[in-house]
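Chemist: Predicted coordinates and the sequence they were generated for:
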Amino acid sequence: GEDVEQSLFLSVREGDSSVINCTYTDSSSTYLYWYKQEPGAGLQLLTYIFSNMDMKQDQRLTVLLNKKDKHLSLRIADTQTGDSAIYFCAELGVYNQGGKLIFGQGTELSVKP
Amino acid sequence: DAGVIQSPRHEVTEMGQEVTLRCKPISGHNSLFWYRQTMMRGLELLIYFNNNVPIDDSGMPEDRFSAKMPNASFSTLKIQPSEPRDSAVYFCASSPRVAGELFFGEGSRLTVL
């Protein structure tokens, strides 16, 4: 079945780059997403990438997609303490055009001053 | 522009009681999703609606759970009778189109004693 895996924790120093990784199993995925959840809040869409793209850059965020290995990553440049949050990877398969996103478990990013 | 509005934000109840969670999606969005988040199981999709019609309720845990969307601006998730294992944060999200870009509410934290 469909599955999305992420490591649970990542700790970095302020100013460093953070790289959050995700693997997925559904080769028919059409879109892949990164969502951010701050404490006590709902998830917020950060960025997404269409499956025919390898890379997408949006200010401090860079998304890399390796479709062959079914691997997605999110790089945050110049990480700030305000980036501390849980980051969720999600995929939308071609058979789920009804909108059913499959989410990973989330990676908790801790940014130390 | 108001986001997705959920109520109540917090609810503490006793086992066996009925619980009703409410959601007002963003105006103009035609898809609505109910998710449940726990430490053990992560983020689970319970049910989603397109144009007020339930499309996929395969994530609803059991018959104790029911969801309705009587019109485009309101949805409820009901648990009757509630059990301690239902304790979780329940999120409502809406989407302006079918695929993937979800706008989440701040969640309803349910504690069943």
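Modeler: Done, it's in.
Chemist: need the residues of chain B near chain A, please.
Modeler: Residues of chain B lying close to chain A by Cβ under 8 Å from any Cβ of the partner chain are B:4, B:31, B:33, B:42-43, B:45, B:48, B:50, B:55-56, B:91, B:93, B:95, B:98-107. The way it works is simple: take the backbone N, C-alpha and C, and place the C-beta from them, glycine included.
Chemist: quick one: the strands in the chain?
Modeler: Looking at chain A here, since you left the chain open. For chain A, the strands defined by DSSP state E cover A:4-6, A:9-13, A:18-24, A:29-37, A:43-50, A:55-58, A:61-66, A:71-76, A:85-93, A:102-103, A:107-112.
Chemist: Chain B, not that one
Modeler: B:5-7, B:10-13, B:19-24, B:31-38, B:42-50, B:53-56, B:65-71, B:74-79, B:88-95, B:103-104, B:108-112.
Chemist: Next, the buried residues of the fifth one.
Modeler: In this case it means strand B:42-50. Neighbour-count burial for strand B:42-50, counted by 16 or more other Cβ atoms under 10 Å in any protein chain shown, picks out B:42-43, B:45-50.
Chemist: Could you name the helices and strands sitting against it?
Modeler: Applying 3 or more Cβ pairs under 8 Å, 6 or more residues apart in numbering or on different chains; DSSP states H and E, we find strand B:42-50 packed against strand B:31-38, strand B:53-56, strand B:65-71, strand B:74-79.
Chemist: Next, the angle strand A:29-37 makes with it.
Modeler: Strand B:42-50 runs at 120 degrees relative to strand A:29-37, counting by axes from the mean of the first three to the mean of the last three Cα atoms, to 10 degrees.
Chemist: picking up where we left off before, can you lay out the strands of chain B as JSON lines showing mean pLDDT?
Modeler: As requested, these are exported to JSON lines (pLDDT from 0 to 100):
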{"stretch": "strand B:5-7", "mean pLDDT": "97"}
{"stretch": "strand B:10-13", "mean pLDDT": "97"}
{"stretch": "strand B:19-24", "mean pLDDT": "98"}
{"stretch": "strand B:31-38", "mean pLDDT": "94"}
{"stretch": "strand B:42-50", "mean pLDDT": "91"}
{"stretch": "strand B:53-56", "mean pLDDT": "90"}
{"stretch": "strand B:65-71", "mean pLDDT": "97"}
{"stretch": "strand B:74-79", "mean pLDDT": "98"}
{"stretch": "strand B:88-95", "mean pLDDT": "95"}
{"stretch": "strand B:103-104", "mean pLDDT": "94"}
{"stretch": "strand B:108-112", "mean pLDDT": "97"}
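Chemist: Adding distance to A:L101 as columns, could you present those in a markdown table?
Modeler: Below are these laid out as a markdown table (distance: least, Cβ to Cβ, whole Å):
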| stretch | distance to A:L101 |
| --- | --- |
| strand B:5-7 | 19 |
| strand B:10-13 | 26 |
| strand B:19-24 | 17 |
| strand B:31-38 | 8 |
| strand B:42-50 | 7 |
| strand B:53-56 | 12 |
| strand B:65-71 | 17 |
| strand B:74-79 | 18 |
| strand B:88-95 | 9 |
| strand B:103-104 | 11 |
| strand B:108-112 | 20 |
